[in-house]
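# Based on what follows, work out the 3D shape:
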Amino acid sequence: MEENKNRRPNADTKQTDGQTRINWIGSNIQSLRANICKVTYTREEIMLLFGRSQRGPMRQKEHNILLTDRIVLSPLIAKRLGAALNNVIQDYESKYGPLEMESPLQTKGGQIASPGKRLPLSNIKETADKSGLIFQLIENHNLEFGYERSFKMAKNTLLGNRFLLGIDKEEKIQEKLLDICKQMDMPKKYLVAFQENLSDANLVLFGFEENERSCVYKVYLEFCEKLKNELHSKPNKTEPVLLHLGFKWDALDNNKGAIAKYTCYPLLPVKNILNRLSNIYDGHKDRTSLEIAKDIINLAASRIVNDSFIYLEVSEDNNPRRSFDINLYKANLQLKDIYPLLSKMRQHYSISSDDFDFLYDQVSTKIFGHLSGGIDREEKDFLTIYYEVSVGSGKN
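Presented below is the predicted three-dimensional model:
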């Protein structure tokens, strides 16, 4: 082996009281940031492969991994590495909370790993408890539910820990629904309004969102039977109708909250929907998110026979929020079908490609459901993608 002439004598080892002191010299270190790893082995060696995910255009059915480094270890050294990693992970989890090995989309309760900005470490466990509480309450009451996930993009922010649980309202379970709201610490004034409107609703949705500062509980009443009856009695009705009433509050401080009204504009053709979207963004300087939303809607419209979707506009008292929600399930698109537009979203909102790819890799084949967006309470634009309702059960 060629001698390293730059090496100082005794730079990495020194005898002290019969023991060898190990000095780690980092002058030639190279840092690798990988989002993919794999382990393979032969009888003589164990190999650690590191690389980066490279997703091409949506037409590609293959997912390429660019392998950048391979570390070859003897089985004994690999075993030592495994033990060392295990010790480090245990120490990490004791300080910062458990790491979930399963997909963030399949976690039932508990902490859901999500990319983007994170809560302060002191709040992570409390947030996880708040998330899991909803599932626990539904399980305690033996209720069946539909399960829909979503992710939200805003400037420098990707929120992936968001979900809705929908429960068909029946007379016999009204007390159970009220109890769930109470156990979630719904503010008293919201609880009164919820109870007053519950009899008219046919669906109740319980939601959760972890954001960069805290976490939010959401409860929605849906009045779709009322809308159906209106349309049946007036087939050409286009006047707006209240479809959802939403109650939202900070799960860590229920003094902070808002009531949102979701108004449906039935039977609007796509052209009219796009015009209303433009009105929502009126006065907002950057129109990029508006153009992305229009492109998504036009793509969805090209996949259906009739020229109509369920379109809602959202308002909240005493704040400047103005936003929309449009149900695109009937277009039967998968998220990979809108990948170029999702990528534009990511770039518009200056979101890390690593964070976005981590989430996208989990959901690319899910059915695209709703698109919502507009201007939030802080007068910043945002877009949210909802996807694929599945059925769950809290029944024993």
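
# Now find how far off-centre the lengthiest helix in the chain is within its chain.
If you go by DSSP state H, the chain has its longest helix at helix 75-96. How far helix 75-96 lies from its chain's middle: 29 Å, per Cα atoms, centre = their mean, to the nearest Å.

# mind exporting that helix as PDB, just the C-alpha atoms?
Taking C-alpha atoms only, helix 75-96 is exported to PDB below (Å, rounded to 0.1, in the frame of the first residue of the first chain):
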ATOM      1  CA  PRO A  75     -20.300  -9.600   8.000                       C
ATOM      2  CA  LEU A  76     -18.700  -8.900  11.400                       C
ATOM      3  CA  ILE A  77     -18.300  -5.200  10.900                       C
ATOM      4  CA  ALA A  78     -21.900  -5.100   9.500                       C
ATOM      5  CA  LYS A  79     -23.200  -6.700  12.700                       C
ATOM      6  CA  ARG A  80     -21.300  -4.200  14.700                       C
ATOM      7  CA  LEU A  81     -22.800  -1.400  12.600                       C
ATOM      8  CA  GLY A  82     -26.300  -2.800  13.100                       C
ATOM      9  CA  ALA A  83     -25.800  -2.800  16.900                       C
ATOM     10  CA  ALA A  84     -24.500   0.700  16.900                       C
ATOM     11  CA  LEU A  85     -27.400   2.000  14.700                       C
ATOM     12  CA  ASN A  86     -29.900   0.200  17.000                       C
ATOM     13  CA  ASN A  87     -28.400   2.000  20.000                       C
ATOM     14  CA  VAL A  88     -28.500   5.400  18.300                       C
ATOM     15  CA  ILE A  89     -32.100   4.900  17.200                       C
ATOM     16  CA  GLN A  90     -33.100   3.900  20.700                       C
ATOM     17  CA  ASP A  91     -31.400   7.000  22.100                       C
ATOM     18  CA  TYR A  92     -33.000   9.200  19.400                       C
ATOM     19  CA  GLU A  93     -36.500   7.900  20.100                       C
ATOM     20  CA  SER A  94     -36.100   8.300  23.800                       C
ATOM     21  CA  LYS A  95     -35.500  12.000  23.200                       C
ATOM     22  CA  TYR A  96     -37.600  12.900  20.200                       C
END
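
# residue ranges for the helices of this structure, please.
Secondary structure of the chain by DSSP H: the helices cover 75-96, 121-140, 174-183, 188-198, 224-233, 270-280, 288-301, 339-348, 353-363.

# Quick one, which of these gets closest to Ser214.
Among the helices of the chain, the nearest to Ser214 by Cβ to Cβ is helix 121-140 (7.1 Å). Heads up, the C-betas are built off the backbone N, CA and C, glycines and all.

# Averaged pLDDT, the closest one. What do you get?
Taken as a whole, helix 121-140 carries a mean pLDDT of 78.

# still on that earlier bit, give me the mean pLDDT for the longest helix of the chain.
Per-residue scores along helix 75-96 average to 81.

# Identify each buried residue in that helix, please.
Neighbour-count burial for helix 75-96 flags Ala78 (criterion: 16 or more other Cβ atoms under 10 Å).

# Need the helices of the chain in CSV (columns: distance to Arg43).
Compiled in CSV, those are given as follows (distance: least, Cβ to Cβ, whole Å):
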stretch, distance to Arg43
helix 75-96, 9
helix 121-140, 42
helix 174-183, 57
helix 188-198, 65
helix 224-233, 63
helix 270-280, 62
helix 288-301, 52
helix 339-348, 42
helix 353-363, 33
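
# Tell me which of these sits nearest to Arg321.
Across the helices of the chain, closest to Arg321 is helix 270-280 (Cβ to Cβ), at 10.2 Å.

# can I assume Ser323 is in contact with Glu313?
Yes - at 7.3 Å, Ser323 and Glu313 qualify as touching, with contact defined as Cβ atoms under 8 Å.

# what do those two both touch?
Residues touching both Ser323 and Glu313 by Cβ atoms under 8 Å, 6 or more residues apart in numbering: Ile280.

# For the stretch 201-350 of the chain, just list every one of the strands.
Counting by DSSP state E, counting those that start in this stretch, the stretch 201-350 of the chain has strands at residues 203-210, 215-222, 241-250, 253-264, 310-316, 322-327.

# so what strands line up beside the first one?
To tie it back to what came earlier, the one meant is strand 203-210. Note on strand 203-210: by DSSP bridges, its sheet partners are strand 157-168 (antiparallel), strand 215-222 (antiparallel).

# Output those as TSV; include the columns distance to Glu196.
Formatted as TSV, the strands paired with strand 203-210 follow (distance: least, Cβ to Cβ, whole Å):
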stretch	distance to Glu196
strand 157-168	19
strand 215-222	10
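
# export those strands to TSV and tack on mean neighbour count and distance to Met186?
Listed next are the strands paired with strand 203-210 as TSV, based on neighbours: other Cβ atoms under 10 Å; distance: least, Cβ to Cβ, whole Å:
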stretch	mean neighbour count	distance to Met186
strand 157-168	21	15
strand 215-222	22	7
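
# Present the ones you listed as TSV; the columns should include mean pLDDT and distance to Ile385.
Conversion of the strands paired with strand 203-210 to TSV gives the following (pLDDT from 0 to 100; distance: least, Cβ to Cβ, whole Å):
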stretch	mean pLDDT	distance to Ile385
strand 157-168	93	10
strand 215-222	96	17
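
# from memory Lys294 sits against Leu274, does it?
Yes - using Cβ under 8 Å, Lys294 is in contact with Leu274, at 5.5 Å.

# what's the burial count for Met47?
By the criterion of other Cβ atoms under 10 Å, Met47 has 14 neighbours.

# per-residue confidence at it?
86.

# OK, contacts around it?
Counting by Cβ under 8 Å, 6+ apart, Met47 has contacts Val39, Thr40, Tyr41, Arg70, Ile71, Val72, Leu73.

# If we use 10 Å, what do you get?
Listed by Cβ atoms under 10 Å, 6 or more residues apart in numbering, the contact partners of Met47 are Lys38, Val39, Thr40, Tyr41, Arg70, Ile71, Val72, Leu73, Ala78.
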